[in-house]
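1. Need a 3D model of the following:
(2 chains)
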Amino acid sequence: MEPESIDDFENELRQSLERRPAPPGFKRRLIERRSGRRTQQQRGHAVLWQRLAASVALACVLGGGLAWRHQQEQRQGEAARQQVLTALRVTSHALNKVNERLTSHGRADQE
Amino acid sequence: MARDWQPEFEPLVDEHQSMVFSLAMRMTGDRGLAEEIAQDVFLELDRHMNKIESPQHACFWLRRVTMSRSADALRRRRVRGVDLWVEIEEDHGVRPEERSSPLGARLEGLLATLPEPQRAALVLRYQEDLSPEEIAATLDAPLATVKSHLQRGLKLLRAKAACHLREYIRGA
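-> The predicted model follows:
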């Protein structure tokens, strides 16, 4: 084919490939999708924050519960320790008395 | 760094919707799919608005993403085994005022039968009037490859036209 006709061919191709207008309502549908997506994103963010807040609250409740339980156990342990010490003191006192009696009996037997 | 130009979504849509839709339409041959691709491209632009530096950058970005999205859509459709060229070849779904001349429509139909890389190069060359260097940048392909696609695509199209459009050849 002659160079001139190549140019003609390319020109015809260029003309046949002119831009076509977007379908009617394209922009409206796009803007609707965009705002729908933004609403969804906002909802998504709200849900994320709600979940985060709920998780923090749950962690606080669990942590508080564990701390309270630990404190209770410490108190009970301290009370038990005090009871044991009192019992030991009472036992020691009783043993001292028995020891005194035995000592006084021993002396009486020697005399 | 402060920029003089601040991108606004709606003016960019007004300015480029025809370009984005036409590129997607000529790459996929499906008006519905082309509209879907065009909308996705603009929504992606909306997400990347802060990265757009100038009107030229916006245009380049839109062309590049449209071509990439269209290639993805073609790949997905190919996997599903769907023939995409029914609409363009049969001219379905096109409004009468959008229809080109009979010869133009036939050339467009023949273009649709070219391999995808050649079609992409020719669409960017003859629809968007880009230079081979600009096409290479848009498609992220080596310049030599783009030149080869342009030459081979044009040669193949001319051969197909010689077979199918004899009246045109006779008239030339």
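2. Helix or strand, whichever it is, which one in chain B has the lowest mean pLDDT?
-> helix B:86-90 (a mean of 47; mean pLDDT, DSSP states H and E).
3. any idea how far the helix or strand immediately after that helix in the chain is from the chain center?
-> Downstream of helix B:86-90, the first helix or strand assigned by DSSP states H and E is helix B:102-111. Taking Cα atoms, centre = their mean, to the nearest Å, one finds the center of helix B:102-111 at 15 Å from the center of the full chain.
4. mean confidence for helix B:102-111?
-> Mean pLDDT, computed over helix B:102-111, is 82.
5. Show me which residues of it are buried.
-> By 16 or more other Cβ atoms under 10 Å in any protein chain shown, the buried positions in helix B:102-111 come out as B:103-111. For glycine as for every other residue, the C-beta is placed from the backbone atoms N, C-alpha and C.
6. Out of those, which is nearest to residue B:144?
-> residue B:111 (22.3 Å; Cβ to Cβ).
7. The closest one contacts residue A:14, correct?
-> No - with contact defined as Cβ atoms under 8 Å, residue B:111 does not reach residue A:14; the gap is 11.7 Å.
8. ok, whichever residue of chain A sits closest to chain B - how many residues close by?
-> Taking Cβ to the nearest Cβ, chain B has its nearest neighbour within chain A at residue A:16, 3.1 Å off. The local packing of residue A:16 (other Cβ atoms under 10 Å in any protein chain shown) involves 20 other residues.
9. Skip the chain neighbours and tell me the closest residue to it.
-> Nearest non-adjacent residue to residue A:16, counting by Cβ to Cβ, 6 or more residues apart in numbering or on different chains: residue B:104, 3.1 Å away.
10. could you give the angle of the worst-scoring helix or strand of chain A on mean pLDDT to helix B:102-111?
-> Lowest on mean pLDDT, DSSP H and E among the helices and strands of chain A sits helix A:3-16, with a mean of 75. Per axes from the mean of the first three to the mean of the last three Cα atoms, to 10 degrees, the angle that helix A:3-16 makes with helix B:102-111 is 90 degrees.
11. got the buried residues for helix A:3-16?
-> Applying 16+ other Cβ under 10 Å to helix A:3-16 flags A:9, A:12-13, A:16 as buried.
12. any idea where the strands of chain A begin and end?
-> Shown for chain A, no strands are assigned by DSSP state E.
13. what residue ranges in it score low on pLDDT?
-> Scanning chain A for pLDDT under 70 picks out A:1-6.
14. Chain B now?
-> Counting by pLDDT under 70, chain B has low-confidence residues at B:1-3, B:80-101, B:165-172.
15. For whatever residue of it ends up closest to chain A, which residues are in contact?
-> For chain B and chain A, the shortest gap (Cβ to the nearest Cβ) falls at residue B:104, measuring 3.1 Å. Residues near residue B:104 by Cβ atoms under 8 Å, 6 or more residues apart in numbering or on different chains: A:12, A:15-16.
16. Is the helix ranked longest in chain B in proximity to chain A?
-> What stands out as the longest helix in chain B, according to DSSP state H, is helix B:55-80. No - contact of helix B:55-80 with chain A is not found when judged by Cβ under 8 Å from any Cβ of the partner chain; the minimum separation is 11.9 Å.
17. So what's the residue count around residue B:134?
-> Residue B:134 is flanked by 16 other residues according to other Cβ under 10 Å.
18. residues contacting it?
-> Per Cβ under 8 Å, 6+ apart, neighbours of residue B:134: residue B:124.
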